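# model the structure of this input:
(one chain, ligands or ions: 1)
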Amino acid sequence: MEGFRVLTLRYRTNELPPEAFERLKELFEKYRAIASLYFWALQNGKKDVAELALRRAEEELPYYWRLVFDSRSPLYLFNEVKEMPRPRKHVLKLPLVTALHYHSGAYIDEDKSELVVRLGGGQRLELPVPERALKRLKEKESEVTPLKPSKTVRIQWRPERTQMLKVQIVLRVERPRPPRPDPREALLVFIDANSRYGFAVVFAAYDSQYVKVYETPKFRPPSRGKRMRESAKRKSAASHGVKTNINFALARLTEEFDSRGWVEATIAQILKKALIYAEGRSIWVNFDSPPIHILRGRLRQTLLSARRILENLCRWYGIYATFRCYSSHHCPICEGRLEEHMTRRTRIMRCRCGFADDRDFVPFHRWITSLGLPLPKWPLYSHPRDGQ
Ligand SMILES: [Zn+2]
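Below is the predicted model of the structure:
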């Protein structure tokens, strides 16, 4: 099983050294022509054309740019060509190695905080990497110690968006699939993605006779209105000449806020917290969202991407994950229909048998019952929360 993390860097092309950028563009054009020739040749079973493409690659591309055509390389890009209706967006991948092996396609020069991309014929493109990004890269690497992630660099440049060059450093780690943990021994994490685009999370574990709840945080994405106001402020400062570049960049970032970025950061935060509470125990995460097939539009996309992000991060950290959906309308004790009561801040679900809890946490109770565990001693809505 393979998990990955990505660090994305963006550069304005007019700030790059013009000669090196021209050379990069030239390589891109050659690479694209050869890659599409190769792709369609494979898809149509034309062996002779595929060989022609490989010969052209040999003549026109530096050797470390050709690994994507080498079926024995981990960078090989054409694995599932038959199942791909269109070529994937990945345009280019280069191997990234440490300075010790700096003869490869790209490497990080830590002394200069630079990512050096080799362009063949002794030419190189030097891209400054902010110290913060280097630090984050190291943090991500250390998350999987003692495993050592492999690193590749992906460079994206699109003729229709000429002003930006996007560079991604991709860390990958391979590990065996974790076995299903014993629910009595594991840290249990329940993520409910049902509450208005946000997540309601429960961290709990079985602790002699009862399930003990550690924390029940809720996460909500920042509202669009708030982001737009923030961005307008930045733009106005920039147009008055105050730190123009920084303010324009921040305004763009604020506007471009995509739910995906928020979802990824939030899920990573949840899993990091789980690792702390687990104190070395195994972890079982259940992600509960409405059945995808009944959803439409944005919400469907958000939840689908949340599920993929969680799957990937669990593979990265080696965490056992399930994706079962539990009802918030039926009592976890007697299966009776729950009745909803609104309080000032919460929707409380009550049963005739005496069960009552915040609606967002009912699915958690049902999960706990299905694992054969006793319920927590107290309802979660009155449970003291961290820092509150
Ligand atoms: Zn009941």
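# residues of the helix or strand containing residue 271 that come out buried?
When secondary structure is defined by DSSP states H and E, residue 271 falls within helix 259-278. Residues of helix 259-278 classed as buried under the neighbour-count rule (16 or more other CB atoms under 10 Å) are 259, 262-264, 266-268, 270-271, 273-275, 277-278. Using the backbone N, CA and C atoms, a C-beta is placed for each residue, glycine as well.
# dump those residues to CSV, plus distance to residue 307 and pLDDT.
Shown next, in CSV, are those (distance: CB to CB, whole Å; pLDDT from 0 to 100):
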residue, distance to residue 307, pLDDT
259, 13, 69
262, 15, 83
263, 10, 85
264, 12, 88
266, 13, 92
267, 10, 94
268, 15, 93
270, 14, 97
271, 14, 97
273, 19, 97
274, 17, 97
275, 20, 96
277, 22, 97
278, 22, 96
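# can you list the residues you listed in CSV and add distance to the ion?
Output for these, formatted as CSV (distance: CB to the ion, whole Å):
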residue, distance to the ion
259, 36
262, 36
263, 34
264, 37
266, 32
267, 32
268, 36
270, 29
271, 32
273, 31
274, 29
275, 34
277, 29
278, 31
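# got a list of contacts for the helix holding residue 271?
Identification of contacts with helix 259-278 by CB atoms under 8 Å, 6 or more residues apart in numbering yields 186-187, 189, 191, 197, 199, 201, 203, 205, 214-215, 219, 221-222, 283, 285, 298, 302, 305-306, 309-310, 313-314, 317, 319.
# so which of these sit within helices?
298, 302, 305-306, 309-310, 313-314, 317 (DSSP state H).
# please produce a PyMOL select command covering the buried subset of the residues you listed.
Per 16+ other CB under 10 Å, the buried members of the ones in helices among the contacts of helix 259-278 correspond to this PyMOL selection:
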select buried, resi 302+306+309+310+313+314+317
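# just send the ones in helices among the contacts of helix 259-278 back as TSV, with pLDDT and distance to the ion too.
TSV is the format used below for these (pLDDT from 0 to 100; distance: CB to the ion, whole Å):
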residue	pLDDT	distance to the ion
298	68	35
302	76	32
305	83	35
306	87	30
309	93	35
310	95	30
313	95	35
314	96	33
317	94	36
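# now for the ones in helices among the contacts of helix 259-278: which two are most distant?
Across these, the longest distance by CB to CB is 28.1 Å; it joins 298 and 317.
# how many residues are close by residue 323?
Using other CB atoms under 10 Å, residue 323 has 14 neighbouring residues.
# centre of the chain to stretch 154-174, how far?
From the chain centre to the centre of stretch 154-174 is a distance of 15 Å (CA atoms, centre = their mean, to the nearest Å).
# next, the buried residues of that stretch.
154-157, 165, 167-173.
# repeat for stretch 125-139
In stretch 125-139, counting by 16+ other CB under 10 Å, buried: 125, 127, 129, 133-134, 137.
# wouldn't residue 202 be in contact with residue 364 here?
Yes. Residue 202 lies in contact with residue 364 (CB atoms under 8 Å); the separation is 4.6 Å.
# joint contacts of the two?
190, 380.
# what is the helix or strand harbouring residue 40 packed up against?
For residue 40, the host element (DSSP H and E) is helix 18-43. If contacts are counted by 3 or more CB pairs under 8 Å, 6 or more residues apart in numbering; DSSP states H and E, helix 18-43 sits against helix 47-60, strand 114-120, strand 123-128.
# of the ones you listed, which is nearest residue 369?
Among these, strand 114-120 sits nearest to residue 369 (CB to CB), with 51.4 Å.
# contacts for the closest one, please.
With contact meaning CB under 8 Å, 6+ apart, strand 114-120 is reached by 9, 20, 23-24, 27, 61-62, 64-65, 94, 102, 104-109, 124-129, 153, 155, 167, 169.
# report the buried members of these.
Here the buried ones among the contacts of strand 114-120, as counted with 16+ other CB under 10 Å, turn out to be 9, 20, 23-24, 27, 61, 64-65, 94, 104-108, 124-125, 127, 129, 153, 155, 167, 169.
# ok, back up a step: pull the distance from the helix holding residue 271 to the chain's centre.
Averaged over its C-alpha atoms, helix 259-278 has a centre that lies 10 Å from its chain's centre (CA atoms, centre = their mean).
# could I get the CA-only coordinates of that helix as PDB?
Extracted in PDB, the C-alpha atoms of helix 259-278 (Å, rounded to 0.1, in the frame of the first residue of the first chain):
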ATOM      1  CA  SER A 259     -12.400  23.000  -0.200                       C
ATOM      2  CA  ARG A 260      -9.900  20.400  -1.200                       C
ATOM      3  CA  GLY A 261      -7.000  22.200   0.400                       C
ATOM      4  CA  TRP A 262      -9.000  22.800   3.600                       C
ATOM      5  CA  VAL A 263     -10.200  19.100   3.700                       C
ATOM      6  CA  GLU A 264      -6.600  17.900   3.300                       C
ATOM      7  CA  ALA A 265      -5.200  20.100   6.000                       C
ATOM      8  CA  THR A 266      -8.100  19.200   8.400                       C
ATOM      9  CA  ILE A 267      -7.800  15.500   7.900                       C
ATOM     10  CA  ALA A 268      -4.100  15.600   8.400                       C
ATOM     11  CA  GLN A 269      -4.700  17.600  11.600                       C
ATOM     12  CA  ILE A 270      -7.200  14.900  12.800                       C
ATOM     13  CA  LEU A 271      -4.800  12.100  12.100                       C
ATOM     14  CA  LYS A 272      -1.900  13.800  13.800                       C
ATOM     15  CA  LYS A 273      -4.100  14.200  16.900                       C
ATOM     16  CA  ALA A 274      -5.100  10.600  16.700                       C
ATOM     17  CA  LEU A 275      -1.400   9.500  16.700                       C
ATOM     18  CA  ILE A 276      -0.900  11.600  19.800                       C
ATOM     19  CA  TYR A 277      -3.900  10.100  21.700                       C
ATOM     20  CA  ALA A 278      -2.900   6.600  20.500                       C
END
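# I am finished for the moment; much appreciated.
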